[in-house]
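> make a model of this:
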Amino acid sequence: MAELFAYTDGACSGNPGPGGWGAVLIARNNTEVLKERELNGGEALTTNNRMELLAAINALEALERPSTLTVVTDSIYVKDGITKWIHGWKAKGWKKKGGAIKNLDLWQRLDEAQARHHISWQWVKGHAGHPENERADELARAGMAPFKP
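Numbers count the residues shown, from 1 in each chain. Model (predicted):
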């Protein structure tokens, strides 16, 4: 049976500034790649954290049916947010101690996108030579390119 992976990354030139997101979806049977799909996009004025979130959201929303997969991100913000912090936010009516939740719209969208899947979230160090993470970074930079002066 094939294993499904989504490798995601965001990029921003300035924070805020023009930004992009990228995702690589790969179905593997052991080490053999059965299918691969690349996604990316960007915005004229955004933040790095928003782009990291949009990479994960768009990867999950691109899946046509409920799936079991591993999402690999180099963003501790995304990984800890979706695996730890979100439970408290939801229990408190999407609020947190000490103020508003930044990027609430995207956290709610990610929560909805992940609800139909069985996901294992993994963190990898960014810019450390991980091939799929590096490719997601290239896609994010390409998504940002049309918005850079």
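> strands of the chain, residue ranges please.
3-12, 17-29, 32-46, 68-73, 118-123 (DSSP state E).
> how near is the residue most central in space within the chain to Ala140?
The centre of the chain sits closest to Ala56, judged by C-alpha atoms, centre = their mean, with a distance of 2.3 Å. For Ala56, the distance to Ala140 (C-beta to C-beta, to the nearest Å) stands at 12 Å. Using the backbone N, CA and C atoms, a C-beta is placed for each residue, glycine as well.
> report the outermost residue of this structure with respect to its centre.
Gly98 (25.7 Å).
> so which bits of stretch 38-57 are buried?
39-43, 46-57 (16 or more other C-beta atoms under 10 Å).
> next: stretch 16-26.
Buried-residue list, stretch 16-26, by 16+ other C-beta under 10 Å: Gly17, Pro18, Gly19, Gly20, Trp21, Gly22, Ala23, Val24, Leu25, Ile26.
> Thr68 versus the nearest residue to the fifth one once chain neighbours are set aside, what's the distance?
Counting by C-beta to C-beta, 6 or more residues apart in numbering, Ala55 is the residue found nearest to Trp21 once chain neighbours are left out, at 3.9 Å. Taking C-beta to C-beta as the criterion, Ala55 is separated from Thr68 by 20 Å.
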